[in-house]
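K.L.:
Sequence first, then the predicted structure:
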Amino acid sequence: KTLARQIGTLSSATMLAAVTAPKVALLALVEWLCDEEEQSQQFSAGAAGNDGDGSHQISVLVVDHIQHAARFVDETFDALCQSLHDAAGKVANSAADCAERYLVARLATIESPDYLFDMFDKLQLVVAGDAPLVSPESLLGLFVRRMILAFEEMSFAQVSQLFLDSQQYAAGQCPRDCLSRQEADVHLKQQVDSLAGSGVSNLSPRALHQRMKRLDETNADASVSRYVRFLNAMRSLDFSDAIDSLHSFYDRHAAQQSAPVFANAALTLASLHYHYGHWQDALLAVHEAVRIAQENGDATCLQHALGWLARMGKSDASSAGTKTLPHLFATSTNPDEDPRLHAVAQLNLARHHLGVAALPTVVFRTLAAGFSLSTSQALPGVMGMGYALQASLWELYGHSDLSALSVQLLLRDADQCSRDDTCEAFCKLANNFARQGNFQMSNAVLKMAVERFPLPSPTARLWLAAAAQIEHNRALLRNDWASADVALQQLSAACAGVHQAETEPTFRRAQYLVASGQLSRATEILQHLSAQGLGAGSDEPSTRSLAHIKHATVLLELARVYQQSGAHTSALTQVLQAMSHAHRHHFDGVEASCALLLVDIQLQLGLVQHAQRTLDRFMPQVLAHGSVHEQGKVHQLAGLCILAGVSDQDDELACVQDAVGWFDQATKLLAQAEALRDLRDTRYALVRCHTALEGHEQLAATHAREFRRLDTLLGQ
């Protein structure tokens, strides 16, 4: 994206704009606007209408086409006629009809190249003389004069080609690409801004590829077309074409620029390999950039290369006194000389602190330093990166409400943020709604992400994966195995080729097997993931924290397997390891989830007092920041602890009544989460409670019917 900002308009040439068939049509419209007699004759023969207002709107349309010629390079003759009607509106539709009739008739009279010479001879009268019809200094006048001058410079062969193009254009065919160098640069700049910003283009990947090939033929020295092809290949995930286009771009760019660009080329190549998960190739490219930058004395490039090394290389210090790469990156940048790079270095250091299990206060203090600099220097893009990191931090630390607040702050300035950060913000917000059982709002947020980042944008894989994960979680709670399997297939497709998410479909498959009772196969998968431990992606600060939290969730799922198979001692060991790992890295949300399973196991082992103490410790965390399913589970376990702790016969009725209140609240929350199995178990507990209470026979019968319905539904 930094490279895209530097490209701009590479050409400093002031070549004349080429005369094309669409511009001949615009010149014909200028003729019609200047010929009041022709307009009055056509209006007298047509329907009545506000001709003056319509002529003004058509003049605005012509000016817009002149100012943004590259935008309308693909516009057909029929599309131009439709634009006339859209510009004139319903009130002045007669003016559009008259202009369209004149345009059709005028293009039809061009029967040979000689008619083009006559047309441009007449156009000279429009801007010449003591009282010209169009001021030569106006935008229309400059356009007409430039077209006349360009036409006079054309050879007879070029005029003949223009005649053929005009005939094809009038017949409704797409105009042939014939842009000047200036117009080509403007068109390329628009494509770079579009692809580097939103990741989408008004052309399909195939159509844009063909357009760039044609621009290469007509503007052989326009190196930016190769960069557009590189961005287009990244959009369509074509690694081969991406790397070929990148090499070609820098080969041409180096020949056109006096300053050396090879170090920047190596860094861009490193980002390409990093995007596709080729870690060793990316590191080799960064080392090459460092070597070149050192030879050229390029301190700025060295700082950027150090930033990439801090992001990709091993950051564990060999001794207590050795500074890690993220620390070196943060201390080597000068906030006065390059505030943006220094702010990014602070954010990278915050990621490093997270990966090495530093205290949350240290992580947020470093993050605040990056925020402070980006605010004082007005760096909205860096602020967006900071909000994205802050949302991820709060989510990892188990504070979903604060994570949602950071997401909303990011979406407030979404136009200034990267497309990946914006799409991830939408996904986090959708997941937060799904965790609270509000699936309608979750789908609405995902729909917004789909509209903003449509396929085949590479960013679309983020909302594809998020939608599949949300649907998979929901299907498992409903025991809908068919939907869960479909969601797994969608998740596998979305994560294909993404190194950071390569184990996610495998872990989800294990969850599916555990929920469906296929414990043997699930144990094999989970033990394999546990044996992998923190190896995958742990060298990179941005993914090391994800590896830690994934390791804790794998241990938690293994504990569920042992619990369902009756090996409670092994389950207790696994869940305590998971809690210890989550606690060491301050992942309060994961630790609370482990605590819920621990309470369940302790109740099954008859350790009621231990279960009650564990529940009392983690209940505030779950009720404040847990999902609606976890909150329902907390209420269910609280009721079970009360029933299991009854020791005095005289206090039994009071305890049962107290447990009913917890179970009633659990029923509401679990129904909202669509957790059918836990809801069935809660209904069964309510049946037992109401049966023990005198005068509650009707309530017991109601809960018994619901229990049988859920049991039948789960058994299907």
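P.N.:
Looks like it arrived, so ask away.
K.L.:
Name the surrounding residues that touch stretch 508-527.
P.N.:
Stretch 508-527 is contacted from outside by 469, 472, 476, 479, 481, 484-485, 488, 491, 506-507, 529, 554, 557-558, 560-561, 564-565, using CB atoms under 8 Å, 6 or more residues apart in numbering. Glycine gets a C-beta too; all of them are placed from N, C-alpha and C.
K.L.:
how about a cut-off of 7 Å?
P.N.:
Residues from elsewhere that reach stretch 508-527, judged by CB atoms under 7 Å, 6 or more residues apart in numbering: 472, 476, 481, 484, 488, 491, 506, 554, 557-558, 560-561, 564-565.
K.L.:
Spatially central residue for this structure, please.
P.N.:
Residue closest to the average C-alpha location in the chain (CA atoms, centre = their mean): residue 423, at 3.1 Å.
K.L.:
can you tell me how far it sits from residue 460?
P.N.:
When distance is defined by CB to CB, to the nearest Å, residue 423 is 8 Å away from residue 460.
K.L.:
And the contacts of the helix or strand where the residue nearest to the centre of the chain lies?
P.N.:
Assigned by DSSP states H and E, residue 423 belongs to helix 419-435. With contact meaning CB under 7 Å, 6+ apart, helix 419-435 is reached by 198-199, 384-385, 388, 391, 395, 400, 403-404, 407, 410-411, 414, 441-442, 445-446, 448-449, 453, 459, 462-463, 466, 470, 627-628.
K.L.:
how near is residue 306 to residue 612?
P.N.:
Distance from residue 306 to residue 612, by CB to CB: 53 Å.
K.L.:
Give me the more crowded residue out of the two.
P.N.:
In terms of neighbours (other CB atoms under 10 Å), residue 306 is the more surrounded of residue 306 and residue 612; the figures are 23 against 19.
K.L.:
May I ask you to name the longest helix in the protein?
P.N.:
helix 541-564 (DSSP state H).
K.L.:
what's that one packed up against?
P.N.:
helix 339-355, helix 504-515, helix 519-532, helix 568-584, helix 588-604 (3 or more CB pairs under 7 Å, 6 or more residues apart in numbering; DSSP states H and E).
K.L.:
do that again at 8 Å, thanks
P.N.:
Packing contacts for helix 541-564, counted by 3 or more CB pairs under 8 Å, 6 or more residues apart in numbering; DSSP states H and E, involve helix 299-312, helix 339-355, helix 504-515, helix 519-532, helix 568-584, helix 588-604.
K.L.:
circling back: which neighbours do residue 423 and residue 460 share?
P.N.:
In terms of CB under 8 Å, 6+ apart, residue 423 and residue 460 are both contacted by the residues residue 453.
K.L.:
so how far is stretch 664-681 off the chain centroid?
P.N.:
34 Å (CA atoms, centre = their mean, to the nearest Å).
K.L.:
shift numbering so it begins at 19
P.N.:
All right, first residue 19 from here; so that's stretch 682-699.
K.L.:
Give me the distance between residue 47 and residue 79.
P.N.:
8 Å.
K.L.:
Kindly report the same for residue 161.
P.N.:
Residue 161 sits 13 Å away from residue 79, going by CB to CB.
K.L.:
Neighbour count: those two, which is higher?
P.N.:
residue 161 (23 against 20).
K.L.:
Kindly spell out which helices and strands sit in contact with the particular helix or strand that has that one in it.
P.N.:
Under the criterion of DSSP H and E, residue 161 resides in helix 157-170. Applying 3+ CB pairs under 8 Å, 6+ apart, one finds that helix 157-170 makes contact with helix 39-52, helix 69-85, helix 131-145.
K.L.:
I'd like to know which of the ones you listed lies nearest to residue 724.
P.N.:
For the helices and strands packed on helix 157-170, the distance to residue 724 is smallest for helix 69-85, at 64.9 Å, taking CB to CB.
K.L.:
What is the neighbour count of residue 352?
P.N.:
By the criterion of other CB under 10 Å, residue 352 has 12 neighbours.
K.L.:
again with residue 394
P.N.:
11.
K.L.:
And it, its phi and psi?
P.N.:
phi -70, psi -30 (degrees, to the nearest 10).
K.L.:
what's near enough to touch it?
P.N.:
Listed by CB under 8 Å, 6+ apart, the contact set of residue 394 reads residue 357.
K.L.:
ok, it to residue 701 distance?
P.N.:
For residue 394, the distance to residue 701 - CB to CB - is 58 Å.
K.L.:
same question, residue 368
P.N.:
Distance from residue 368 to residue 701, counting by CB to CB: 47 Å.
K.L.:
Between those two, point out the one with more neighbours.
P.N.:
residue 368 (28 against 23).
K.L.:
mind listing what that one touches?
P.N.:
381, 382, 384, 385, 388, 407, 411.
K.L.:
Check what pLDDT it gets.
P.N.:
We have a pLDDT of 85 for residue 368.
K.L.:
Could you do the one 10 residues further on as well?
P.N.:
Listed pLDDT for residue 378 reads 89.
K.L.:
Same check on the one 4 residues further on?
P.N.:
pLDDT, residue 382: 90.
K.L.:
quick one: what helix or strand has it in it?
P.N.:
Using DSSP H and E, residue 382 falls in helix 378-394.
K.L.:
And that helix, how far out from the chain middle?
P.N.:
Distance, centroid of helix 378-394 to centroid of chain: 24 Å (CA atoms, centre = their mean).
K.L.:
what's the model's confidence in the next helix or strand after it, averaged?
P.N.:
On the C-terminal side of helix 378-394, the closest following helix or strand by DSSP H and E is helix 398-414. What helix 398-414 shows for mean pLDDT is 86.
K.L.:
any idea which helix or strand comes after helix 398-414?
P.N.:
Counting by DSSP H and E, what follows helix 398-414 is helix 418-430.
K.L.:
list the helices and strands that next one packs on?
P.N.:
helix 398-414, helix 437-453, helix 626-643.
K.L.:
got the buried residues for that helix?
P.N.:
Residues of helix 418-430 classed as buried by neighbour count (16 or more other CB atoms under 10 Å): 418, 420, 421, 422, 424, 425, 427, 428, 429.
K.L.:
and the gap between the fourth one and residue 643?
P.N.:
Spelled out, it's residue 422. In this structure, residue 422 and residue 643 are 10 Å apart, going by CB to CB.
K.L.:
Please apply the same query to the second one.
P.N.:
Residue 420 sits at a distance of 9 Å from residue 643 (criterion: CB to CB).
K.L.:
and if you look at the fifth one?
P.N.:
When distances are taken as CB to CB, residue 424 and residue 643 turn out to be 14 Å apart.
K.L.:
returning to what we had before: roughly how far is the longest helix of the chain from the heart of the chain?
P.N.:
Distance, centroid of helix 559-582 to centroid of chain: 26 Å (CA atoms, centre = their mean).
K.L.:
repeat for stretch 637-644
P.N.:
The answer for stretch 637-644 is 30 Å, by CA atoms, centre = their mean.
K.L.:
buried stuff in it?
P.N.:
So stretch 637-644, judged by 16+ other CB under 10 Å, has buried residues 637, 639, 640, 643, 644.
K.L.:
Contacts made by it with the rest, please.
P.N.:
With CB under 8 Å, 6+ apart as the test, stretch 637-644 has contacts from 416-419, 606-607, 610-611, 613-614, 648-649, 651-652, 656.
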